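> I would like the atomic coordinates for the input below:
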Amino acid sequence: MTALTAIRPAEPAPAPSQELNGILQLLTCGSVDDGKSTLIGRLLWDASDLYDDQRAMLERSGRNAGGTDNPDFSLLVDGLVAEREQGITIDIAWRYFDTAKRRFVIIDSPGHEQYTRNMASGASHADVAIMLVDARHGVKRQTRRHAAILDLVGVKRVILVVNKMDLADWSQERFRAIETDFRELALRFGFREVVAIPVCSVGGDNVARGSERMPWYNGPNLLDHLERIPARDTTPTGSFRLPVQTVLRDGVDFRGLAGTVTSGCVCIGDRITDALSGQSAHVLRIATMGRDLESAVQGQAVALQLDTDIDVARGAVLAVPGSLPTVATHISARLVWLWDTPFDERASYLLRTATDLVPISKLQIKSRLDLETLATQPAQTCELNEIAIADIALGRPVAIDAFGDNAATGSFLIVDAVTGATLAGGVVSSATAAGDTSAASTFRLTREILEKGLCRDLNDNKADRDEFQRRASEAALLLRAAGVPVKLET
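A predicted model of the protein is given here:
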């Protein structure tokens, strides 16, 4: 993990340049009732170009915030009827707004422990996290859980917002105490940058303007700081990876391996390799909707036509020969359990990567994170919202990276094999390479196997030969649907 720069109150950053003015995706997180929706609503009210009817709706709602004359700003974010009735966020709320300096995508996540899975989903899209803490209560168990999930999904830039300073008598001492308490979390999870800002969301203090009631704070308000944060770097980084989603054909001579470039770049003429089979070919054409490209970079969805038709299907990962992902049968991972039913070593699970679905032959929980001490404790099971370290043995090899090397191909979901429900999300800490990848990853469905089993009742006449071929094709389809690559002997 990267070392943390000292936690500090936010300091004025250099004036933003055009290079920093890209889209910023920011997540609000923290414990329930810390004021996440109110903060975002206040930011939208003060800094965005809300429609007049939205402002009028809020003023007519008859609901005020925190016993003040201010309208209930959370109504701008909490859109579900149940959220408005209970006064809590249940689902992720996405909001978009522009200022004169940049565009923001706000992901307002629920704070209640019951909806931690929704927070984890939102965190996977964020560039920056706004971690709210109630000035009266300080850091809570759910605050620590959310910090651990941010670390899990790779969010390393955090803004600590100490909210409801009005209810703590605008106390500098209280703010500093919470800031110091948060230091332990930040150091434990290796956040790259943490700044601390005291605010009162209801009154708008230090949200989109300064506060006369906290003269001891000399840093920028939240909006000023957000406008100065560098946008997500879109420069291609890492080695080329393209998880294949499907194979496209035009019925004539075009065969394209379609997917989204998750890292690096690829150019016409480059030699690429299917990590699972080891087969290589050169890129003949890079096709997109309506036009061809000379090169493709991370984030672009393309179809690659190769100069040689290699046997590649959904689930394969294309890479450059000198830097292939690990073709693994065992991985060590960190995961957060997201399902109400606890882990059961007797249950059947599947591992879903970017485009592959692989049977899990054994899932073993090694330890769990203690959210009170932030230490890992030996464990053999995990329950809803617990964060664990696990060893996973796979039923067949899969092309995968360590999360630290490549986030897109180093993350996964654990899926119930019977219901298809998503049970956990995790990242790969390390992967153990399989032996003979080409032989291990592909099942050869031969005539001999079929004659001894599925087709033993057929004779050698034209009708039975046609039926033999039909059964063979159907068996191959069923095996592929179960996640087993098949090579059908013609």
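> after the longest helix along the chain, next one along is what?
Longest helix of the chain, by residue count under DSSP state H: helix 462-481. On the C-terminal side of helix 462-481, the closest following helix or strand by DSSP states H and E is strand 486-488.
> Name the residues of stretch 313-327 that come out as buried.
Neighbour counts over stretch 313-327 (16 or more other C-beta atoms under 10 Å) mark 313-320, 324-327 as buried. No exception for glycine: its C-beta is placed from N, CA and C like everyone else's.
> Alpha carbons of it, as PDB, please.
As requested, the backbone C-alpha atoms of stretch 313-327 are provided in PDB (Å, rounded to 0.1, in the frame of the first residue of the first chain):
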ATOM      1  CA  ALA A 313     -14.500 -17.300 -27.300                       C
ATOM      2  CA  ARG A 314     -16.100 -15.300 -24.500                       C
ATOM      3  CA  GLY A 315     -14.100 -15.300 -21.400                       C
ATOM      4  CA  ALA A 316     -10.700 -15.200 -23.100                       C
ATOM      5  CA  VAL A 317      -8.300 -12.300 -22.300                       C
ATOM      6  CA  LEU A 318      -6.200 -10.900 -25.100                       C
ATOM      7  CA  ALA A 319      -2.800  -9.500 -24.200                       C
ATOM      8  CA  VAL A 320       0.600  -8.800 -25.600                       C
ATOM      9  CA  PRO A 321       2.900 -11.800 -25.600                       C
ATOM     10  CA  GLY A 322       5.500 -10.300 -23.300                       C
ATOM     11  CA  SER A 323       3.000  -9.400 -20.500                       C
ATOM     12  CA  LEU A 324       0.300 -11.900 -20.100                       C
ATOM     13  CA  PRO A 325      -2.100 -12.300 -17.200                       C
ATOM     14  CA  THR A 326      -1.700 -15.200 -15.000                       C
ATOM     15  CA  VAL A 327      -3.600 -18.300 -16.100                       C
END
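> now the buried residues of stretch 313-327 as CSV including secondary structure and pLDDT?
Listed next are those as CSV, based on DSSP: H, G, I helix; E, B strand; the rest coil; pLDDT from 0 to 100:
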residue, secondary structure, pLDDT
313, coil, 89
314, coil, 91
315, coil, 92
316, coil, 94
317, strand, 96
318, strand, 97
319, strand, 96
320, coil, 95
324, coil, 94
325, coil, 95
326, strand, 95
327, strand, 94
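> Distance to residue 396 for those - can I get that in CSV?
Converted to CSV, the buried residues of stretch 313-327 look like this (distance: C-beta to C-beta, whole Å):
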residue, distance to residue 396
313, 13
314, 14
315, 10
316, 13
317, 14
318, 19
319, 19
320, 24
324, 17
325, 15
326, 14
327, 10
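> Report the contact partners of residue 114.
Counting by C-beta atoms under 8 Å, 6 or more residues apart in numbering, residue 114 makes contact with nothing.
> can you tell me which of the buried residues of stretch 313-327 lies nearest to residue 456?
Residue 456 has its nearest neighbour among those in residue 313, at 28.5 Å by C-beta to C-beta.
> Next one: the closest one from residue 29, what distance?
Per C-beta to C-beta, to the nearest Å, residue 313 is found 38 Å from residue 29.
> and if you look at residue 384?
18 Å.
> How about the contacts made by residue 108?
Applying C-beta under 8 Å, 6+ apart, we find residue 108 in contact with 28, 36-37, 40, 77, 89, 92-95, 122.
> What of residue 124?
153, 411, 425.
> now residue 130
Counting by C-beta under 8 Å, 6+ apart, residue 130 touches 26-29, 36, 39, 158-159, 161, 222.
> In terms of helices and strands, where is it?
Here residue 130 is assigned to strand 128-134, by DSSP H and E.
> partner strands of that strand, parallel or antiparallel?
strand 24-30 (parallel), strand 157-163 (parallel) (DSSP bridges).
> Residue 387 contacts residue 336, correct?
Yes - assessed by C-beta atoms under 8 Å, residue 387 is found in contact with residue 336 at 5.0 Å.
> who touches both of these two?
148-149, 152.
> Highest neighbour count among the residues you listed?
residue 149 (25 neighbours; other C-beta atoms under 10 Å).
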